[in-house]
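# When you get a sec, could you give me coordinates for this:
(2 chains)
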Amino acid sequence: MLGDARKAQEIFQTTLREAALRAAHGELPKEPFWLFRDARWRCLEASETDLQAEPLDIDERDVVSEAPSQIEQLEPAQLAIWISSAPDPQRTALALFYLDEFDYREILDLAELKLSELSRLLAMGRRQFQAWLDAMLPKTPNV
Amino acid sequence: MNMPRLSRRQRALANCAPITAQRMPDRSMRSAVSRAGDSTEFVNQQSFDRAVAALVHAIPIPPETAEWFSTKDLVSPSKWTWKKTVRNPAVLAIGIALVVIAGVLVFQFIGRLNDFPGSSTARKLLTIAGSTRSVLLDPVSADAGTLSDLFFMKHGLEHYDVPDEFADFRTIGCRVFEDDQSQRIAQIWVAEKRMQFFLFPAERNVKTGAALSFPGWQYVQQEGWVGAVTEHDGVCFMAALPGRERDLAPYIPNTKQ
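Below is the predicted model of the structure:
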């Protein structure tokens, strides 16, 4: 969400501290994803203070079979930065989806999206990421 | 292989198809994934998603943060509450079916509570009572008690006696007929309140052939008719009239015994 380990660490600790305080006062919300929702808003707040990228028309390409071998060449931090630079709610959608901890209904709930919106954001994200991969890395045949 | 024709919703679901098969939360998602199936586009999407997810999991997490997740799942499974269980369509359907079965059993049980030897014949005769017209009977104007001799002399029916309580009722007509089990039935029509009397053989023990007796008067109801049945000397007598038990009760000496 942030592309910055230090900031992520700070938000993680702040979120947990706040949760511990609420638990001590018996004020924990009943809905199951409140902690993640809270953390997401803190991330968005934190990134608002950062330098914002100019909105650009990003190239899009169809996802190709060689994509996995291209992705293997990436450093995890590169992916984190790429996702964190996406505008919200696409950033939230990509982060939650590729974290692979939630099913699509939970993501819709957490990110406050409709199915059509989540679908469009993910499909667009894949195509944009493929275009970025093609620009950054050469394709190697997928065996 | 091209992506098969999918509805807009199925296409949207296929775009959100889970990376790992365990996260198929509902049937619509399973259906969409199954439809998208082996198309090149969908296979590429899944391979792409798996590769990205693998890279996401390779993002280093600071040790002090990682230890929070070392033993626990990120999301605790939602609790299976009674409310959720009851709202499950399968549970709901089974519940309704069980209630219906229980209702039928209770209905049958209550029906059986009033059963006595000969009750099934009595019910059949109540149906006959409702459909009989007086023209079907031989006109006889006499006291009901005197017809015993007629039944014996003309039809050879022994012990087809009208009980004393109903012996003084004036008759309009009578007849003797065989029912579907070849039992000989005597039917008497009286002037009082469209009342009819029936005399029929008592139910018998299959092994010994002895008549199954029961105490006093027993009521049966069928198709808007009510009958009070008593047994004597292997012959059942039933007084029947259209209405309810309370309409017949005044004619029965000691109601139900």
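# So the residue nearest to the spatial centre of chain A: helix, strand or coil?
Central residue of chain A (CA atoms, centre = their mean): A:Ala95, 2.2 Å from the mean position. Secondary structure, DSSP: H, G, I helix; E, B strand; the rest coil: A:Ala95 is helix.
# Is it in contact with A:Ala80, as I believe?
No: with contact defined as CB atoms under 8 Å, A:Ala95 does not reach A:Ala80; the gap is 9.1 Å. For every residue, glycine as well, the C-beta is placed using N, CA and C.
# Retrieve the pLDDT associated with B:Phe69.
B:Phe69 is assigned a pLDDT of 65 by the prediction.
# follow-up on the earlier one: quick check: chain neighbours aside, which residue is closest to the residue nearest to the centre of chain A?
A:Met1 (5.0 Å; CB to CB, 6 or more residues apart in numbering or on different chains).
# I'd say the one you found and A:Arg91 touch.
Yes: the criterion here is CB under 8 Å, and A:Met1 meets it with A:Arg91 at 6.3 Å.
# Common neighbours of the two, please.
A:83-84 (CB atoms under 8 Å, 6 or more residues apart in numbering or on different chains).
# longest single helix anywhere in the chain?
Unless you meant another one, I'm taking chain A. Using DSSP state H to define each element, chain A has its longest helix at helix A:115-136.
# other chain: chain B
Chain B, longest helix under DSSP H: helix B:89-113.
# which stretches of chain B have low pLDDT?
B:1-3, B:23, B:69-80, B:254-257 (pLDDT under 70).
# Quickly list the domain ranges of it.
Residue ranges for the domains of chain B, per automatic domain parsing: B:8-73, B:81-113, B:117-251.
# returning to what we had before: got a list of what the residue nearest to A:Ala95 touches?
Here A:Met1 is in contact with A:8, A:40, A:43-44, A:47, A:83-84, A:91-92, A:95 (criterion: CB under 8 Å, 6+ apart).
# same thing but 10 Å
By CB atoms under 10 Å, 6 or more residues apart in numbering or on different chains, A:Met1 lies in contact with A:7-8, A:11, A:39-40, A:42-44, A:46-47, A:80, A:83-84, A:86, A:88, A:91-92, A:94-96, A:99.
# With A:Leu110 instead?
A:Leu110 neighbours (CB under 10 Å, 6+ apart): A:32-34, A:36-37, A:39-40, A:92-93, A:96, A:102.
# Compare those and tell me which is most surrounded.
A:Ala93 (26 neighbours; other CB atoms under 10 Å in any protein chain shown).
# Test my guess that it contacts A:Leu115.
No: taking contacts as CB atoms under 10 Å, A:Ala93 lies outside contact range of A:Leu115: 11.4 Å.
# what touches both of the two?
Shared contacts of A:Ala93 and A:Leu115, counting by CB under 10 Å, 6+ apart, come down to A:107-108, B:16.
# Can you tell me which of those lies closest to B:Thr65?
Lowest distance from B:Thr65 to the shared contacts of A:Ala93 and A:Leu115 (CB to CB) belongs to A:Ile107, with 22.0 Å.
# Residue 118: what's it in contact with?
Because you didn't say which chain, this covers chain A. Neighbouring residues of A:Leu118 by CB under 10 Å, 6+ apart: A:89-90, A:92-93, A:96-97, A:104-105, A:107-108, A:111, B:12-13, B:15-16.
# wait, I meant chain B there
Taking CB under 10 Å, 6+ apart, we find B:Gly118 in contact with B:125, B:200-204, B:211-214, B:218, B:220, B:229, B:231, B:235-236, B:238.
# Repeat the analysis, applying 8 Å as the threshold.
Here B:Gly118 is in contact with B:200, B:202-203, B:212, B:214, B:229, B:231, B:236 (criterion: CB under 8 Å, 6+ apart).
# now swap in A:Glu72 and tell me
B:51, B:55.
# any chance you could map the strands in chain B?
In chain B, the strands defined using DSSP state E lie at B:138-139, B:171-178, B:184-190, B:196-201, B:218-222, B:225-232, B:235-242.
# out of the ones you listed, which comes closest to chain A?
strand B:218-222 (55.3 Å; CB to the nearest CB).
# and that closest one, which strands flank it?
Strand B:218-222 pairs in its sheet with strand B:225-232 (antiparallel), by DSSP bridges.
# overlap in contacts of A:Ala95 and A:Ala80?
Residues touching both A:Ala95 and A:Ala80 (CB under 8 Å, 6+ apart): none.
# measure the residue in chain A sticking out farthest from the centre to A:Glu18 for me?
Here chain A reaches farthest from its C-alpha mean at A:His25, the gap being 31.5 Å by CA atoms, centre = their mean. Using CB to CB, to the nearest Å, A:His25 is found at 11 Å from A:Glu18.
# No further questions, thank you.
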